[in-house]
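Enquirer: My questions are about this predicted structure, shown below with the sequence.
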Amino acid sequence: MSDQMSLVVSMERERGDSLRDDALDGQRHLEGTVQAAHEILASLNEVLCNPVLWTQPAPDTSNGSKPGGTPPQQEQGWLALETGRLRYKATTAALRASVNNIFSKLQIRAQEGNSGEEKASAGDLEQLETQAAQLREEAARKNQLLKLLIDQSRDLVSDLSMWQSAEL
């Protein structure tokens, strides 16, 4: 029996560590996405601040600008922008996958936990039903008192208005 308990405890730890590792991966992907977005903004700033680049179209990333050489300075702004865009797409895809992985693990954990909770919740359900019935009775009693107070207030207002009209 203790072997089964230790096995269950170790499995819970592994799942917790796995979920923690997934969360750390997600955080790393999020930081990469933020860095890529910052690179895009910096590249956009560079392109917008350089009037020479306004008239030139963005270079095609599939073919190099010069074989074996670095691209001219005019193309570097566009290439940095394209590189940032591609990195951003890759990091957002990795972030989505990480979030989906965490979400699916949490759903699996919730489904596994529900099977054991159903047995234990029968007593809790009965207790909650009793408490709900008591609260309904109390609400009905308070509603009757409130109705009585409203009727008395209505009578008081009608008496006051009758006395005020009699004085005139």
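Expert: Happy to help now that I have it.
Enquirer: rest of the way, CA atoms for contacts and neighbours
Expert: Noted.
Enquirer: What separation do you get for Asp124 and Ser153?
Expert: 43 Å (C-alpha to C-alpha, to the nearest Å).
Enquirer: tally of neighbours for Lys89?
Expert: Lys89: 15 surrounding residues under other C-alpha atoms under 10 Å.
Enquirer: whoops, Leu95 was the one
Expert: 21.
Enquirer: One more: the one 4 residues further on?
Expert: The local packing of Val99 (other C-alpha under 10 Å) involves 18 other residues.
Enquirer: so which strand or helix has it?
Expert: helix 73-167 (DSSP states H and E).
Enquirer: ok now that helix, how far from the chain's centre?
Expert: The chain centre lies 15 Å from the centre of helix 73-167; the measure is C-alpha atoms, centre = their mean, to the nearest Å.
Enquirer: Output the lowest-mean-pLDDT helix or strand in the chain in PDB with nothing but the alpha carbons.
Expert: Counting by mean pLDDT, DSSP states H and E, the chain has its least confident helix or strand at helix 51-54, which shows a mean of 71. Written as PDB, here are the backbone C-alpha positions of helix 51-54 (Å, rounded to 0.1, in the frame of the first residue of the first chain):
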ATOM      1  CA  PRO A  51      14.800  58.400 -46.600                       C
ATOM      2  CA  VAL A  52      16.900  56.400 -49.000                       C
ATOM      3  CA  LEU A  53      15.000  53.300 -48.100                       C
ATOM      4  CA  TRP A  54      11.600  54.900 -48.700                       C
END
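Enquirer: Report the buried residues of that helix.
Expert: Of all the residues in helix 51-54, those buried under the rule 16 or more other C-alpha atoms under 10 Å are Leu53.
Enquirer: wait, what's in contact with Gly77?
Expert: Gly77 makes contact with 43-44, 46-47, 53 under the criterion C-alpha atoms under 8 Å, 6 or more residues apart in numbering.
Enquirer: Surely Ile102 touches Asp25?
Expert: No. Judged on C-alpha atoms under 8 Å, Ile102 makes no contact with Asp25 at a distance of 10.1 Å.
Enquirer: between these two, which one's more packed in?
Expert: Shown here are Ile102 and Asp25; by other C-alpha under 10 Å, Ile102 has more neighbours (19 against 16).
Enquirer: Could you report the distance from that one to Ile108?
Expert: 10 Å.
Enquirer: can you check Asp151 too?
Expert: Going from Asp151 to Ile108 by C-alpha to C-alpha gives 56 Å.
Enquirer: do the same with Val99
Expert: For Val99 relative to Ile108 (C-alpha to C-alpha), the value is 14 Å.
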